[in-house]
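Q: Let's see this in three dimensions:
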Amino acid sequence: MSFCVIILNKVMEMKNFKKILFVILAIILFVIFVFIMHGYLYRNVAIYYNENEKPKIIEVRKGKKIKNLETPIKDGYVFIGWYNLENEEAFDISNDVVNDDLALTPGWAKIAKNSD
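A: Next up is the predicted model:
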């Protein structure tokens, strides 16, 4: 809050042209700051629900867990969990946190058919 008061006091001391220029520059710097902070605070997670479809991209705050991820469905298979597409390691959405951009793909186990 005190930062805003300092800025407002500086603006009041300036001439009109300088005030306008200063406010425009302050807005530009603020927007740049917001974009930088957003990129620092959030990571993109690509969710590949189906092999032949584009992934669903979600943003997850760095250091947080993925929430409310839909369980995929595939005929003849049972979903066994999510896997990191880059290194093929299991990714436990209940416990693992997102620290970098990530691509997840579902793991499947074929349902055995009864031969009765």
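
Q: use CA for all of it now, contacts and neighbours both
A: OK.

Q: tell me the domain boundaries of the chain?
A: Following automatic domain parsing, one finds the domains of the chain at 2-40, 43-110.

Q: And the shortest one, how far out from the chain middle?
A: Spelled out, that is domain 2-40. Taking the mean of its C-alpha atoms, domain 2-40 sits 28 Å from the chain's own mean (CA atoms, centre = their mean, to the nearest Å).

Q: can you give me phi and psi for residue 85?
A: Backbone torsions for residue 85, taken as degrees, to the nearest 10, come to phi -70, psi -30.

Q: cool, residue 36 as well?
A: phi -60, psi -50.

Q: Quick one, grab the pLDDT at it.
A: pLDDT, residue 36: 73.

Q: That one: neighbour count?
A: 11 (other CA atoms under 10 Å).

Q: before we move on, the earlier item: least reliable of the domains of the chain by average pLDDT, please.
A: domain 2-40 (a mean of 75).

Q: No more questions from me, cheers.
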